[in-house]
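Sequence below, structure please.
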Amino acid sequence: MIEDKNPQRTALSQLGEFGLIEHLTKNFDVKQASTLKSIGDDAAVLDFGTKKVVVSTDLLIEGVHFDLAYMPLRHLGYKAVVVNLSDIAAMNAKPTQITVSVAVSNRFPLEALEELFDGITYASRAYNVDVVGGDTTSSQKGLIISITAIGEADEKDIVYRNGAKQGDLLVVTGDLGSAYMGLKVLEREKQVFQVNPNNQPDLEMYSYLVERQLKPEARTDIRELLEKLEVKPTSMIDVSDGLSSEIIHICKQSNVGCNLYEDKLPVDPQLINVCEEFIIDSTTVAINGGEDYELLFTISMADFDKIKANPNFTVIGHITQESEGVHLITRADTKIPLKARGWNALEE
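So this is what the prediction gives:
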């Protein structure tokens with residue numbers, strides 16, 4: 001496919017704010033019965049009946065959370081939705097609606113925003129959520145995206161971070177560390193490209209890791225899976241800032257300790273190979289990487305038999321009393337205090 005060297009550029013000023021909103025949101029359709037009024041009024045109107053409403057919001061800022069040098073706008077739109085739906089999934093709730101707010105500088109033409117909203121539209125359809133509102137404004141610092149996710153759940157099904165009990169098992173979905181190593185690969189290829197723009201990257205051997213970084217998925221499937229297995233977690237959180245940080249969140253809020261076992265950490269074979277290439281310890285990456293958007297949760301020991309054969313889940317540790325602290329048990333059977341070394345958005 002030959003790249004168009006002179007793509008069409010339509011100035012946003014030609015449309016105005018309301019014209020832009022109408023243009024970008026024309027492809028959003030309503031799928032949820034709880035959406036009484038979507039885009040087009042002062043506020044969306046949602047009817048959850050006897051359900052509890054779960055709301056979460058995230059802000060993504062160019063240069064802090066993403067780099068457009070290697071993040072395609074369609075992927076960015078998709079990812080912006082996913083990272084918010086992951087928070088709803090971490091409450092053991094069903095995501096139903098989102099709002100989308102965007103601030104853009106004048107370097108972005110209409111066509112760029114169309115690509116961004118193509119990704120948002122694709123994600124909303126893939127996850128069966130309605131886009132019910134938002135805002136657009138100008139920015140002096142590039143692109144800023146804010147998405148609020150709304151979900152529903154019966155009160156009895158909601159899972160918080162503070163319910164872990166001594167003796168519970170610590171469980172994670174999927175694999176860990178891949179998104180971080182995907183970012184390392186992309187950052188390296190960006191530097192190579194800056195030195196020699198004629199050197200096009202070959203990312204085929206890193207495809208899984210790169211996809212985990214550019215197009216992550218929210219584990220909205222886990223709620224129904226656990227329900228079928230008749231398992232309700234005692235606590236839950238999503239792995240966005242790194243496994244170590246998330247474990248410490250659960251332990252602090254539940255007033256418990258934890259033993260995490262290095263030899264139980266689920267990592268993809270491609271991750272191990274690329275860690276060797278980069279001379280980085282795979283355990284360090286798995287524990288501290290972040291942006292995996294898997295779910296970390298605790299369950300009663302009595303539920304172990306229900307999940308032990310399921311490929312979606314890996315038991316990686318157990319909950320102890322608070323006085324024992326939070327530790328990593330290494331393959332050499334050494335006990336090391338676990339530190340929160342994951343992503344910190346406020347670090348310089």
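
make it CA atoms for all contacts and neighbour counts henceforth
Will do.

Now do the SS call for P201.
coil (DSSP: H, G, I helix; E, B strand; the rest coil).

Provide the count of other residues in contact range of the nearest residue in space to it that is not next to it in sequence.
What sits nearest to P201 in space, not counting adjacent residues and going by C-alpha to C-alpha, 6 or more residues apart in numbering, is E189, at 6.2 Å. By other C-alpha atoms under 10 Å, the residues close to E189 number 18.

Hmm, E189 is touching N196, no?
No: the criterion here is C-alpha atoms under 8 Å, and E189 misses it with N196 at 10.4 Å.

tell me the secondary structure for T57?
strand.

Kindly report the same for L60.
Applying three-state DSSP: L60 is strand.

mind listing the helices for the stretch 51-200 of the chain?
In the stretch 51-200 of the chain, the helices defined using DSSP state H, counting those that start in this stretch lie at 73-89, 110-126, 178-195.

Quick one: these as a markdown table, columns for distance to D281 and mean pLDDT too.
Formatted as a markdown table, the helices of the stretch 51-200 of the chain follow (distance: least, C-alpha to C-alpha, whole Å; pLDDT from 0 to 100):
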| stretch | distance to D281 | mean pLDDT |
| --- | --- | --- |
| helix 73-89 | 26 | 97 |
| helix 110-126 | 33 | 96 |
| helix 178-195 | 11 | 91 |
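
what's the most buried one of those helices?
helix 73-89 (a mean of 25; mean count of other C-alpha atoms under 10 Å).

which residues touch the helix or strand where L209 lies?
Using DSSP states H and E, L209 sits within helix 207-214. The contact list for helix 207-214 (C-alpha atoms under 8 Å, 6 or more residues apart in numbering) reads 71, 75-76, 79, 178-183, 185-186, 203, 270-271, 291-292.

If we use 7 Å, what do you get?
71, 75, 178-183 (C-alpha atoms under 7 Å, 6 or more residues apart in numbering).

Distance to M236 added to the residues you listed, as JSON lines?
Below are those laid out as JSON lines (distance: C-alpha to C-alpha, whole Å):
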{"residue": "M71", "distance to M236": "29"}
{"residue": "H75", "distance to M236": "27"}
{"residue": "S178", "distance to M236": "21"}
{"residue": "A179", "distance to M236": "20"}
{"residue": "Y180", "distance to M236": "22"}
{"residue": "M181", "distance to M236": "25"}
{"residue": "G182", "distance to M236": "25"}
{"residue": "L183", "distance to M236": "26"}
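
Please identify which of those residues is nearest to Q32.
H75 (24.3 Å; C-alpha to C-alpha).
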